[in-house]
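Chemist: model this:
(one chain, ligands or ions: 4)
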Amino acid sequence: MPVHNQDIANTLNELADLLEIDGAGEFRVRAYRNAAVTVEDSTEDLASMVKEGKDLSEIPGIGESIAEKITLMVKEGKLEQLEELREKVPVNTHELMQIRDLGAKRLRTLYRELGIKSLEDLKTAAEENKISQLEGFGDKTEKKILEEINRQEKSPRSGRFRWVEAHNIATSYANYLKKAKEVKKLEIAGSLRRKKETVGDIDLLAVCDNAGRVMEHFGRYEEVEKVIEKGERKSSVRLRSGIRVDLRAVDNRSFGAAMLYFTGSKEHNVPLRKMGQEKGWKVNEYGIFDNGKRLAGKTEKGIYKKLGLKYVEPELRENRGEIGAAKNNRLPRLISLSDIRGDLQMHTTASDGKNSLREMAEAAREKNYEYIAITDHSKRVSMANGLDARRLKKHMAEIDKLNGELEGIRVLKSVEVDILPDGTLDLEDEVLKELDLVVCAIHYNMNLSRKEQTRRVLKAMENPYFHIFAHPTGRLIGKRDAYDIDMEAVIEQAAQRGCILEINASPKRLDLSDIHAKTARDKGVRLAISTDAHSIRQLNYMQYGINQARRGWVRKDDVVNTLKWSKIKALLKD
Ligand code: DGT
Ligand code: CA
Ligand code: CA
Ligand code: ZN
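Modeler: Ligands and ions are numbered 1, 2, ... in the order given. Below you'll find the model as predicted:
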């Protein structure tokens with residue numbers, strides 16, 4: 001990988017930021033910042049200079065020590081010092097510095113006084129009015145910070161929208177459109193219908209009596225910021241939320257063909273078209289045609305059937321083997337929400353949840369769940385008031401008591417125990433042994449090397465009480481990448497050791513990804529779909545986990561929380 005000047009400048013800037021947060025001397029910090037500016041402005045390619053053996057300290061503004069670091073960076077592709085510093089000062093500067101007026105100096109105060117490391121920490125602190133009490137901040141700053149965070153949450157960095165956001169926007173828009181009497185049918189297509197974790201834009205299809213009138217109506221929706229394109233049969237707008245919406249009017253007899261075409265994915269559509277061509281037909285968004293004679297088009301099912309295929313659920317339409325499976329009648333029967341009997345990850349006020357034990361249990365009972373696992377954090381997660389052995393014991397006694405009082409639902413004693421960097425767990429086996437279920441996760445030291453991170457998890461999985469691996473890759477959609485880990489090896493180890501992998505249903509996580517979920521289920525690894533709810537409202541996240549699981553070809557039998565508790569219990573390592 002070539003190292004560009006910009007990469008070097010970014011690294012120097014990050015070093016400067018972290019050093020400043022860490023309380024390094026002003027002179028040292030400034031040296032890094034100045035060097036970063038010099039590198040960025042340089043017309044010479046520094047990596048080439050290093051390769052030619054030139055002395056970088058000749059460049060004005062770059063001292064000997066920094067020259068040495070740049071040389072290391074070019075030669076090794078990374079800088080040990082930075083990695084160490086990130087460990088020492090685990091503040092997500094990338095994320096936090098996107099907030100206007102937040103520089104390293106302020107981050108230092110926020111970190112030292114309030115332990116703020118992430119945007120989420122910042123938001124919580126601002127909401128609790130803790131920031132305005134800091135020296136150099138004040139009410140106005142606090143309010144501005146909150147406004148910025150809320151604005152950013154609406155438009156994720158990647159330019160794509162999380163599925164749930166796009167879904168909510170699309171549903172409201174669709175309801176508005178359906179109110180027009182000219183609209184006979186209105187459906188959501190595109191990646192949104194395929195339940196993809198992020199969505200680029202919203203695609204709507206309509207059957208109308210008077211398409212022109214409907215296009216007018218479409219442009220008059222109060223959320224429309226800009227009409228990008230307006231035609232007789234097709235229009236596009238941008239909404240205030242920043243998302244683009246396409247609407248197409250189609251004939252009823254072509255509705256199925258249009259749904260198929262505009263649901264995509266493109267990768268799914270291309271082989272279908274080829275299959276038709278091999279029979280001498282034309283397959284397009286209007287139907288299947290044999291020399292102009294219409295063979296199919298009104299329904300999706302009819303089109304698949306004509307091509308000799310079983311109906312393919314939208315979640316599977318990614319050209320990952322579904323077409324062959326549809327041909328051979330081997331499509332999986334996908335899991336659905338009604339298969340779920342309980343939820344195996346959630347938090348209460350004992351750690352960082354918003355509702356009490358009893359409130360969570362009663363809300364879960366409302367959902368007709370048979371069981372829930374209470375999985376408050378372990379002590380390493382001090383930010384979330386994680387439990388040590390003593391507090392966990394007390395918590396367990398409270399759960400026992402609640403089970404005695406509460407009819408109709410079983411509350412499982414569990415914990416979300418941290419996997420420490422060396423692969424041991426944050427609580428002793430003697431403590432874990434007393435629990436019904438142990439959920440394990442990583443919350444710190446996410447920047448270990450791939451080798452170390454993988455070893456950490458594989459080792460942890462050897463623990464006899466390692467039951468479920470929660471949010472296995474640690475990614476936050478559009479905000480934080482997965483940590484570097486060999487998931488193939490983790491999945492293999494899960495298969496060997498009988499560990500369960502979680503599909504975390506929180507719309508910010510959806511972790512495992514669809515692809516990893518499929519790999520896991522192909523290897524016979526059992527999955528748990530869990531909400532990780534931090535409030536009773538978040539128990540509703542289950543549907544998003546189901547969506548993700550379906551995209552991963554997951555069937556009811558692959559998922560442990562479709563089973564009775566006695567059956568799960570029998571599956572657990574003990
Ligand atoms: P997105 O919006 O990026 O999340 O993904 P999609 O899949 O919704 O893509 P989009 O909105 O560009 O187009 C919607 C569907 O229309 C797409 O899934 C398949 C179909 N489509 C669009 N362009 C083409 C194309 O050039 N060829 C074929 N076969 N299909 C296309
Ligand atoms: Ca789309
Ligand atoms: Ca589109
Ligand atoms: Zn967690």
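Chemist: any idea how far W163 is from the residue of the chain found nearest ligand 2?
Modeler: Nearest residue of the chain to ligand 2: G190, at 3.3 Å (C-beta to the ion). From N, CA and C alone the C-beta is placed, and that goes for glycine too. From G190 across to W163, the span is 11 Å (C-beta to C-beta, to the nearest Å).
Chemist: pLDDT at the nearest residue in space to I442 that is not next to it in sequence, what is it?
Modeler: Excluding its sequence neighbours, the residue lying closest to I442 (C-beta to C-beta, 6 or more residues apart in numbering) is I419, at 5.2 Å. If you check I419, the pLDDT there is 98.
Chemist: same question for H268.
Modeler: 98.
Chemist: just the helices in the stretch 151-300 of the chain please.
Modeler: Applying DSSP state H, counting those that start in this stretch to the stretch 151-300 of the chain gives helices spanning 163-178, 190-193, 211-219, 255-263, 266-278, 300-306.
Chemist: distance from the helix or strand following the last one to the middle of the chain?
Modeler: Using DSSP states H and E, the helix or strand that follows helix 300-306 in sequence is helix 322-327. Chain-centre distance of helix 322-327: 28 Å, with C-alpha atoms, centre = their mean, to the nearest Å.
Chemist: so for helix 322-327, what gets flagged as buried?
Modeler: 322-323, 325-326 (16 or more other C-beta atoms under 10 Å).
Chemist: who does it touch, helix- and strand-wise?
Modeler: Helices and strands touching helix 322-327, by 3 or more C-beta pairs under 8 Å, 6 or more residues apart in numbering; DSSP states H and E, are helix 266-278.
Chemist: hmm, back to that, ok, the residue nearest to I442 to E26 distance?
Modeler: Using C-beta to C-beta, I419 is found at 38 Å from E26.
Chemist: identify the farthest-apart pair in the buried residues of helix 322-327.
Modeler: By the measure C-beta to C-beta, I323 and A325 form the most distant pair in the buried residues of helix 322-327, at 7.2 Å.
Chemist: what residues are up against H534?
Modeler: 346-347, 352-354 (C-beta atoms under 8 Å, 6 or more residues apart in numbering).
Chemist: just the buried ones from these, in PyMOL syntax?
Modeler: Selection of the buried residues among these in PyMOL, burial being defined by 16+ other C-beta under 10 Å:
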select buried, resi 346+347+352+353
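Chemist: okay, the contacts of H534 in CSV with distance to I21 and secondary structure next?
Modeler: CSV is the format used below for the contacts of H534 (distance: C-beta to C-beta, whole Å; DSSP: H, G, I helix; E, B strand; the rest coil):
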residue, distance to I21, secondary structure
M346, 33, strand
H347, 28, coil
D352, 24, coil
G353, 29, coil
K354, 30, coil
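Chemist: give me the more crowded residue out of I419 and E26.
Modeler: Using other C-beta atoms under 10 Å as the criterion, I419 and E26 rank with I419 on top: 26 against 8.
Chemist: right, and the more buried one touches V439 too?
Modeler: No: applying C-beta atoms under 8 Å as the test, I419 and V439 come out as separate, 10.7 Å apart.
Chemist: in three-state terms, label the residue nearest to R30 when sequence neighbours are not counted for me.
Modeler: Excluding its sequence neighbours, the residue lying closest to R30 (C-beta to C-beta, 6+ apart) is A16, at 7.9 Å. Under DSSP: H, G, I helix; E, B strand; the rest coil, the three-state class of A16 is helix.
Chemist: intersection of neighbour lists for G190 and W163?
Modeler: Shared contacts of G190 and W163, defined by C-beta under 8 Å, 6+ apart, comprise V199.
Chemist: report the rounded mean pLDDT for whichever strand or helix holds A570.
Modeler: Secondary structure from DSSP H and E places A570 in helix 565-571. Mean per-residue pLDDT for helix 565-571: 97.
Chemist: quick one on the thing from earlier: so for ligand 3, which of the helices of the stretch 151-300 of the chain sits nearest?
Modeler: When the helices of the stretch 151-300 of the chain are compared by C-beta to the ion, helix 190-193 sits nearest ligand 3, at 5.6 Å.
Chemist: and the residue nearest to I442, what does it touch?
Modeler: 425-426, 440-442, 456-457, 460.
Chemist: roughly how far does it sit from R456?
Modeler: Counting by C-beta to C-beta, the gap from I419 to R456 is 6 Å.
Chemist: spit out the residues that contact the two alike.
Modeler: I442.
Chemist: R100 touches I149, doesn't it?
Modeler: No: using C-beta under 8 Å, R100 makes no contact with I149, being 10.8 Å away.
Chemist: compare the two (neighbour count), which wins?
Modeler: I149 (17 against 9).
Chemist: so the more buried one: helix, strand or coil?
Modeler: Classification of I149 using three-state DSSP returns helix.
Chemist: alongside ligand 2, which residues does the stretch 201-350 of the chain contribute?
Modeler: With the criterion set to C-beta under 5 Å from the ion, the stretch 201-350 of the chain comes near ligand 2 through 201, 203.
Chemist: let's see 8 Å
Modeler: 201-203, 246, 264 (C-beta under 8 Å from the ion).
Chemist: tell me, which of those make contact with ligand 3?
Modeler: Near ligand 3, by the rule C-beta under 8 Å from the ion, you find 201-203, 246 out of those.
Chemist: not counting its neighbours along the chain, what's nearest I8?
Modeler: V39 (5.0 Å).
Chemist: my guess is that neighbour meets T11, correct?
Modeler: No: V39 lies out of contact with T11 (C-beta under 8 Å); the separation is 9.3 Å.
Chemist: quick one: which of these two has more around it?
Modeler: Neighbour count, other C-beta under 10 Å: between V39 and T11, V39 has more, with 26 against 21.
Chemist: what residues are up against the more buried one?
Modeler: By C-beta under 8 Å, 6+ apart, V39 lies in contact with 5, 8-9, 12, 46, 62, 70.
Chemist: want to throw those into TSV with distance to ligand 1 and pLDDT?
Modeler: Shown next, in TSV, are the contacts of V39 (distance: C-beta to the nearest ligand atom, whole Å; pLDDT from 0 to 100):
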residue	distance to ligand 1	pLDDT
N5	32	85
I8	33	91
A9	32	89
L12	35	94
L46	37	92
I62	43	91
I70	39	95
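Chemist: and the residues you listed, which of them are in helices?
Modeler: The members of these that map onto helices under DSSP state H are 5, 8-9, 12, 46, 70.
Chemist: between the residues you listed, which sits nearest G159?
Modeler: Nearest member of those to G159, counting by C-beta to C-beta, is A9, at 23.9 Å.
Chemist: could you list the buried residues of the helix or strand bottoming out on mean pLDDT in the chain?
Modeler: Using mean pLDDT, DSSP states H and E, helix 138-154 stands out as the lowest-scoring helix or strand of the chain, at a mean of 84. Applying a neighbour-count criterion of 16+ other C-beta under 10 Å, one finds 141-142, 144-146, 148-149 buried in helix 138-154.
Chemist: between those, which is closest to M383?
Modeler: Set against M383, the nearest of these by C-beta to C-beta is I149 (17.6 Å).
Chemist: so that closest one touches L122, yeah?
Modeler: Yes: judged on C-beta under 8 Å, I149 makes contact with L122 at a distance of 6.7 Å.
Chemist: and for the two, which residues touch both?
Modeler: Common contacts of I149 and L122 (C-beta under 8 Å, 6+ apart): I99.
Chemist: how about the residue in the stretch 1-150 of the chain that ligand 3 sits nearest to, what does it touch?
Modeler: Closest residue of the stretch 1-150 of the chain to ligand 3, C-beta to the ion: N150 (26.7 Å). Applying C-beta under 8 Å, 6+ apart to N150 gives no contacts.
Chemist: ok, it to W163 distance?
Modeler: 20 Å.
Chemist: contact partners for the residue of the chain closest to ligand 2?
Modeler: 199, 201-203, 246, 262-264.
Chemist: now the buried members of the residues you listed.
Modeler: 199, 201-203, 246, 262-264.
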